[in-house]
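J.: sequence and predicted structure are below.
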Amino acid sequence: MSGSVFMKVALAIAFLASWAQLVLGAPLASVEKRDVFVPPVLYPHAGTVWTKGQRHNVTWDTSNAPVNITNKVGSIFLRKGELTTPVVLAAGFDILLGRIEITVPWVVPDSDYSVVLFGDSGNFSPQFTINGPDVF
């Protein structure tokens, strides 16, 4: 008989644990709906030429920003060709600023660079050129 009681208690505990997990995992009524914001990059644009070491403003359009943005913390990475590089041009800024000043990094001169603006999602600029002396 004690095995039967143990089994009933074990099943009751398992049921309560499952129920608690469902209740605790349910969304709260007070959580606001959040929207993904994908602002288009305005500068640099196609035809832009940057020189290594110069400072430029990366700009993006915030005119259609939703009220509740999923992630307002922005970062900007350099992209070369089809690959986003680990080169961080800026990080930790408010995505609603619409612009941030960066310093052009010392990279191999080429015409297939773009910037990637991260916040809610990644949105990249058209390709542009970075000039300057060769790295090596």
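T.: Received, thanks. Numbering: from 1, shown residues only.
J.: tell me which residues form a beta bridge with the nearest residue to residue 39 once chain neighbours are set aside?
T.: Counting by CB to CB, 6 or more residues apart in numbering, residue 60 is the residue found nearest to residue 39 once chain neighbours are left out, at 4.3 Å. Heads up, the C-betas are built off the backbone N, CA and C, glycines and all. Beta-bridge pairing of residue 60, defined through DSSP bridges, involves residue 41.
J.: tell me which helix or strand in this protein has the weakest average pLDDT.
T.: When the helices and strands of the chain are compared on mean pLDDT, DSSP states H and E, helix 2-25 comes out lowest with a mean of 66.
J.: ok, the residue nearest to residue 39 - contacts?
T.: Residue 60 makes contacts with 39, 40, 41, 42, 98, 99, 117, 123, as judged by CB atoms under 8 Å, 6 or more residues apart in numbering.
J.: and what of residue 110?
T.: By CB under 8 Å, 6+ apart, the contact set of residue 110 is 80, 129, 130.
J.: which one of those residues is nearest residue 112?
T.: residue 80 (6.3 Å; CB to CB).
J.: still on that earlier bit, narrow the contacts of residue 60 to just the buried residues.
T.: Burial by neighbour count, 16 or more other CB atoms under 10 Å: within the contacts of residue 60 this picks out 39, 41, 98, 117, 123.
J.: lovely, talk soon.
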